[in-house]
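A.B. asks: Sequence first, then the predicted structure:
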Amino acid sequence: MLDEGEISSPVYALASLRWFRPKTGYASTGWRARDRGGSPLLDAGVHVVDLLLWLLGPVSWIAAHGDGASTITGLLGFKSGKTASLAISFAGNLFRDELTLELVATRGGCRLEIRDHNHAEIVRLDRRSAQEHRPCPRAR
């Protein structure tokens, strides 16, 4: 979509990863039982950050907060001038595990959802033609 110019140039992104990971069970199987040094950012969030880097380019600054064990939130500023909001949590006891990425661009946007680790789909795609394009208002 980006390469073909369907939604034009990205402006900002919203990314979240919400998994429920109780300490029992999850950390006692496979490689997780051997390596207990991770956090939501290191265990799974790194893949979300990698996706943001792929879409928006190199990061120039980061502001983040979290408890280190279950939840991290942050704002990333990119060298291109774009920004992304990030929320990663293993604490939510939700209906299902979910990763979402919303990308807002100058002529549209999209929302990608990956649910329960095996189902990915673009659930929303908004596009405007060049004729329908409304310039973004400038801050005064």
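C.D. replies: Okay, I see it.
A.B. asks: okay, CA-based contacts and neighbour counts for the rest of this
C.D. replies: Noted.
A.B. asks: how near is D97 to R115?
C.D. replies: 6 Å (CA to CA, to the nearest Å).
A.B. asks: just checking, F20 is part of a helix?
C.D. replies: No. Counting by DSSP: H, G, I helix; E, B strand; the rest coil, F20 is located in no helix; its state is coil.
A.B. asks: and the next element down the chain from the least confident helix or strand in the chain by mean pLDDT?
C.D. replies: Every helix and strand of the chain was ranked by mean pLDDT, DSSP states H and E. The lowest is helix 23-26, at a mean of 55. Going down the chain from helix 23-26, the next helix or strand is helix 40, by DSSP states H and E.
A.B. asks: residues making contact with that following helix?
C.D. replies: For helix 40, the surrounding residues in contact (CA atoms under 8 Å, 6 or more residues apart in numbering) are G68, A69, S70, T71, I72, I88, S89, F90.
A.B. asks: So what's the gap between that helix and the chain middle?
C.D. replies: 13 Å (CA atoms, centre = their mean, to the nearest Å).
A.B. asks: what about it, average pLDDT?
C.D. replies: Mean per-residue pLDDT for helix 40: 75.
A.B. asks: What's the per-residue pLDDT of the closest residue to L103 other than its chain neighbours here?
C.D. replies: Leaving aside its sequence neighbours, L103 sits nearest to A13 (CA to CA, 6 or more residues apart in numbering; 4.5 Å). A13 is assigned a pLDDT of 94 by the prediction.
A.B. asks: in a helix, that's where T100 is, yeah?
C.D. replies: No. Going by three-state DSSP, the assignment for T100 is strand, not a helix.
A.B. asks: Pretty sure it sits against E113.
C.D. replies: Yes. At 4.6 Å, T100 and E113 qualify as touching, with contact defined as CA atoms under 8 Å.
A.B. asks: mind checking the longest helix of the protein?
C.D. replies: helix 46-56 (DSSP state H).
A.B. asks: What residues are recorded as beta-bridge partners of the most centrally placed residue in the chain?
C.D. replies: For the chain, A15 is the residue whose C-alpha lies nearest the centre (CA atoms, centre = their mean; 2.3 Å). Beta-bridge pairing of A15 under DSSP bridges involves L86, L101.
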